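Peer 1: Need a 3D model of the sequence below.
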Amino acid sequence: MWVVKPGPDRDVPRRVVGGAEISQATAGAQNIYMGVFRVPPGTMSHPHYHQGCESAVYMLSGSLRVKWGDHLEHELTLEPGDLVYVPPRETHVLENQSENEAAEYVVARDSPHEDAVIVPWAQESP
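Peer 2: Model (predicted):
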């Protein structure tokens, strides 16, 4: 059994901020990943997907506008207490529209590591 204490924030390539995580790297996990992430006020992630795993998200605080689909044509808003399922390879982007409140969420995946892939067309965006 492992306990992972909140640690220093770390930037994640898809433009969110990571905190503590249970993963293969931190706890020797073989089939699960769980992490706490934060989207700072006024920021948006790169469009990305998770290659080989399903994801379940639980919103802790703030709100996020989520766009998803091949052309980000679908949209919803997540608020504290919401749960959302993300299937493998579903391109999505997270946007915190608040000017002063961070959005924080917990994600669990059936993969022992982060498994995020930034979509090729997002490499060109700022």
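
Peer 1: Next, find the distance separating the residue nearest to residue 101 when sequence neighbours are not counted from residue 75.
Peer 2: Nearest in space to residue 101, with sequence neighbours left out and distances taken as C-beta to C-beta, 6 or more residues apart in numbering, is residue 62 at 5.0 Å. Where you see a C-beta, it was placed from the backbone N, CA and C, and this is true even at glycine. According to C-beta to C-beta, to the nearest Å, residue 62 and residue 75 sit 17 Å apart.

Peer 1: So between the two, which is more surrounded?
Peer 2: residue 62 (20 against 12; other C-beta atoms under 10 Å).

Peer 1: Is it correct that the more buried one is in contact with residue 95?
Peer 2: No: applying C-beta atoms under 8 Å as the test, residue 62 and residue 95 come out as separate, 11.3 Å apart.

Peer 1: what sits in contact with each of those two?
Peer 2: Residues touching both residue 62 and residue 95 (C-beta atoms under 8 Å, 6 or more residues apart in numbering): residue 39.

Peer 1: So in terms of bridging, what pairs with residue 22?
Peer 2: Beta-bridge pairing for residue 22 (DSSP bridges): residue 34.

Peer 1: count of residues packed around it?
Peer 2: Residue crowding around residue 22 was assessed by other C-beta under 10 Å; the count is 18.

Peer 1: from now on call the first residue 152
Peer 2: Let's use 152 as the start, then, which means that last one is residue 173.

Peer 1: got the contact list for it?
Peer 2: Under the criterion of C-beta under 8 Å, 6+ apart, the neighbours of residue 173 are 153, 155, 180, 183, 184, 185, 186.

Peer 1: Of the residues you listed, grab the buried ones for ChimeraX.
Peer 2: Buried members of those, defined by 16 or more other C-beta atoms under 10 Å, are picked up in ChimeraX with:
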select :180,184,185,186
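
Peer 1: which outside residues touch the strand or helix carrying residue 244?
Peer 2: Using DSSP states H and E, residue 244 falls within strand 243-246. Under the contact criterion C-beta under 8 Å, 6+ apart, strand 243-246 has outside partners 167, 190, 194-200, 215-219, 223, 237, 254.

Peer 1: now with 6 Å?
Peer 2: Contacts of strand 243-246 with the rest of the structure, by C-beta atoms under 6 Å, 6 or more residues apart in numbering, involve 190, 195, 196, 198, 215, 216, 217, 218, 219.
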